[in-house]
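[1] this one's structure only:
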């Protein structure tokens, strides 16, 4: 994959993660601290989390096509790096009560769910692109028969 397309995909991932993280913060916050009220600075936390989660995804970049085992091992590394980043940010934040084991487990679980959702949405996008390319190729072949 060309580096330019890789960066475009990461920008798409950033906005997808921002949305999914916002939903996760709402759900976890409602469940564990529903009465809390925040200032406008709290609106930046999904952006910070999403940006921080995109950085570890650069371990999957390669100029050459990766073998399935190589890609899988990089995706596993990517997932654990993302978990480490999110939990690190959570423990560093005074607004998140990480002294409660249930909160930490909810955050870790939400990272897992969001990771799989992002992978699924990316697969849907790439699948649609591949289908479009195949249809264009069929049309091209029909024109040149």
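    All right, it came through fine. Quantities reported herein were computed from a predicted structural model and do not represent experimental measurements.
[2] C-alpha from now on. contacts and neighbour counts both.
    OK.
[3] so how far is residue 95 from residue 54?
    According to Cα to Cα, to the nearest Å, residue 54 and residue 95 sit 22 Å apart.
[4] With neighbour numbers in mind, choose between these two.
    Per other Cα atoms under 10 Å, whichever of residue 54 and residue 95 has more neighbours is residue 54, with 16 against 11.
[5] all helices for the chain, in order.
    3-33, 45-54, 68-92, 101-143 (DSSP state H).
[6] tell me which residues of the worst-scoring helix or strand of the chain on mean pLDDT are tucked away?
    Least confident helix or strand of the chain, by mean pLDDT, DSSP states H and E, is helix 3-33 with a mean of 92. Buried residues in helix 3-33, counted by 16 or more other Cα atoms under 10 Å: 10, 13, 14, 16, 17, 18, 20, 21, 22, 24.
[7] Equivalent analysis for stretch 81-89, please.
    81, 82, 83, 85, 86, 87, 89.
[8] And stretch 102-120, by the same measure?
    103, 104, 106, 107, 108, 110, 111, 112, 114, 115, 118.
[9] related to what we said a few turns ago, how many degrees apart are the least confident helix or strand of the chain and helix 45-54 in direction?
    130 degrees (axes from the mean of the first three to the mean of the last three Cα atoms, to 10 degrees).
[10] relative to helix 101-143, how tilted is helix 3-33?
    Per the same axes, to 10 degrees, the angle that helix 3-33 makes with helix 101-143 is 150 degrees.
[11] so which two of the buried residues of stretch 81-89 are the farthest from each other?
    Spatial extent of the buried residues of stretch 81-89 (Cα to Cα) is set by the pair 81 and 89 at 12.2 Å.
[12] Would you quantify the distance from residue 72 to residue 79?
    Residue 72 is 10 Å from residue 79, by Cα to Cα.
[13] Neighbour count: those two, which is higher?
    residue 79 (19 against 13).
[14] ok, the residue lying closest to residue 19 once chain neighbours are set aside - how many residues close by?
    Residue nearest to residue 19 in three dimensions, not counting chain neighbours: residue 46, with 7.8 Å by Cα to Cα, 6 or more residues apart in numbering. Neighbour count of residue 46, defined by other Cα under 10 Å: 20.
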